[in-house]
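> Below: sequence and its predicted model.
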2 protein chains.
Amino acid sequence: MNIGDVAIRSGLPAKTIRYYEDIGLVKPLRSANGYRSFRERDVHMLAFLGRARALGFSIEDCRNLLKLYEDDHRTSAEVKQIAEGHLAEIDRKITELTEMRATLARLVDACAGDHRPDCPILADLAAPPAETDRPDDRG
Amino acid sequence: MNIGDVAIRSGLPAKTIRYYEDIGLVKPLRSANGYRSFRERDVHMLAFLGRARALGFSIEDCRNLLKLYEDDHRTSAEVKQIAEGHLAEIDRKITELTEMRATLARLVDACAGDHRPDCPILADLAAPPAETDRPDDRG
DNA sequence: ATAGGGGTTCCACTGACTGGAAGGTCAATG
DNA sequence: CATTGACCTTCCAGTCAGTGGAACCCCTAT
């Protein structure tokens, strides 16, 4: 099968598939005319990669997951460890974004958004208020 | 002031400060020996940039925010628009990550994580279950 | 013969830095 | 006066996961 058909069947752009070959994730055969020739197994692997990437796994995670997938002697513990690591990373990102969101939403809320130049958003970026809510907070 | 002191005062690595000069965000003077010479205003701008970046604003957003900050004729509406755009982007990312998290957590939960090779995580990546919960679903 | 719709390689670019090499400057010390 | 060490400089390469484009080859149909 040529790359165009594989792109359709795997849902990945042809460019991405070539890139995945470049970095050794798939190893399609070559036809006499130099075209890549994909077997069913390759298409399957590419679809696997597409789904793993959609879940946010890094390419290196994908490489390891694929290796485990192809390994009859794997243990589910190995797979789970990768997934848990990624889950922790996702949680870290969500936390970070949620904190950003809270600050930003507060500032946006405080901003009139009118024709005047006064702006709490810029004021905060220029010099965020010290945390002196409580009288005893670091003096 | 030399770049090392500015790095300490602004909280940004010297490398980053040089990069910010490279892309035109700050324009420090130069001493006779070729060293960058930062004024108070430069330090102030770099701290501003550091806080804007910490809120996740892109460099281009930062550039525009800084321009507005320095512009007496700005309107808070312009600032608010940038912030709201960024807020929407953050929300988009949180949504995306939350969806990934849900799927991944379900799979991790279903995985025994033991010595056996059977693994629902790999099974899902290989071929996610079709959405045929309801009998009439595209069946 | 030519047009088109495939395919190929290779290079450059993205964002926002970061690491490192090779070398210049300066204050303090022996 | 030479040297050490901490600072500074520029420039190049790498990160991550692709994406865009140029220049060119292959195959089929007309």
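Perfect, thanks for sending it.
> Give the next helix or strand downstream of the longest helix seen in chain A.
Criterion DSSP state H: the longest helix present in chain A is helix A:76-110. Of the helices and strands lying after helix A:76-110 in sequence (DSSP states H and E), the nearest is helix A:120-126.
> what's the spacing between the closest residue to DNA strand C within chain A and DNA strand D?
Closest residue of chain A to DNA strand C, CB to the nearest atom of the strand: residue A:4 (2.5 Å). Every C-beta, even on glycine, is put in place using the N, C-alpha and C of the backbone. Using CB to the nearest atom of the strand, to the nearest Å, one gets 12 Å for the distance from residue A:4 to DNA strand D.
> cool, residue A:24 as well?
Separation of residue A:24 from DNA strand D (CB to the nearest atom of the strand): 12 Å.
> Is it correct that that residue falls within a strand?
No: under DSSP: H, G, I helix; E, B strand; the rest coil, residue A:24 sits outside any strand and is assigned coil.
> Give me the phi and psi angles of it.
phi 80, psi 20 (degrees, to the nearest 10).
> got a list of what it touches?
residue A:63 (CB atoms under 8 Å, 6 or more residues apart in numbering or on different chains).
> What is the neighbour count of the closest residue to residue A:76 other than its chain neighbours?
Nearest residue to residue A:76 in three dimensions, chain neighbours excluded: residue B:119, at 4.0 Å (CB to CB, 6 or more residues apart in numbering or on different chains). Per other CB atoms under 10 Å in any protein chain shown, the neighbour tally for residue B:119 reads 27.
> distance of the residue of chain A closest to DNA strand C from residue A:49?
Computed as CB to CB, to the nearest Å, the residue A:4 to residue A:49 distance reads 18 Å.
> okay, those two: which has more neighbours?
More crowded of residue A:4 and residue A:49, by other CB under 10 Å: residue A:49, with 24 against 11.
> thinking again about what came up before, which residues touch the residue nearest to residue A:76?
By CB under 8 Å, 6+ apart, the contact set of residue B:119 is A:68, A:74, A:76, A:79-80, B:111-112.
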